[in-house]
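Undergrad: kindly return the folded structure for what I paste below:
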Amino acid sequence: MQSLIDNARTFGQRPEAFAKLAEGQSPEVLFITCSDSRVVPALITGATPGQLFELRTAGNIVPPYAAAAPTGEAATIEYAVQVLGVQHIVVCGHSHCGAVGAVVRHDDLSAAPAVRDWLAHAADEPACSDTADPTVAEAVQHHVLKQLVRLRSYPCIRQRLQAGHLQLHGWYYEVHTGTVLAHRTDSDTFETL
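TA: Numbers count the residues shown, from 1 in each chain. As a prediction, the model looks like this:
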């Protein structure tokens, strides 16, 4: 913790580097990924402040759209699309995902009821032929695609997709190698970027 505190103390000592950020934001990408501390969107993409609008949830889950019961996740998505006008949305899953692993292994999460209930939003149980695989790669990739389908059900996304003003992307990040794979719709496979 001390190294984080030390960096935070010196971080603001370069005000000229941050002054332009006060004028507003216009990110091109909404990056939806897991809350896992090993997944750092700016590190993966090389983004600087203002380039990515981020939504991090346990298991990079996009909850169902429900206008009558809005969620923080839905509000973030809608804000990125309607107000900021992002042109791309990336859903990025990752290897060794505890959330997806818990779903496919049917882990007992009775001691963590909020986590258990959140994971119920996973949009179907991810397909996984090898639940013993610690990377849960197959399940995570399937899960990413399900989240993209879920995003398409959001009215603001559906409208922007139909107008040709938005593109959706599915990524898979290997925490053990740093490799990023992207889903290719033409072959329905994840391939190295």
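Undergrad: switch to C-alpha atoms for all contacts and neighbour counts from now on
TA: OK.
Undergrad: so what touches the longest helix seen in the chain?
TA: Scanning the chain for the helix with the most residues, using DSSP state H, yields helix 137-152. Residues outside helix 137-152 that contact it (Cα atoms under 8 Å, 6 or more residues apart in numbering): 60-64, 91-97, 100-101, 104, 122-129, 157-158, 168-172, 190.
Undergrad: hmm, which of these are the buried ones?
TA: 60-64, 91-97, 100-101, 104, 122-123, 125-126, 128, 157, 168-172, 190 (16 or more other Cα atoms under 10 Å).
Undergrad: what about those residues, which are in strands?
TA: 91-94, 168-172, 190 (DSSP state E).
Undergrad: which two of these have the greatest separation?
TA: For these, the maximum inter-member distance is 17.2 Å, found between 94 and 168 (Cα to Cα).
Undergrad: show me where this structure dips below the pLDDT cut-off.
TA: Along the chain, segments meeting pLDDT under 70 span 123-128, 131.
Undergrad: helices of that one, start to end?
TA: With DSSP H as the criterion, the chain has helices spanning 2-11, 41-45, 72-78, 98-105, 113-119, 137-152, 155-162.
Undergrad: any buried residues in the third one, and which?
TA: Residues 73-74, 77-78 are the ones in helix 72-78 that count as buried (16+ other Cα under 10 Å).
Undergrad: what of the fifth one?
TA: By neighbour count, and taking 16+ other Cα under 10 Å as the criterion, the buried residues in helix 113-119 are 116, 119.
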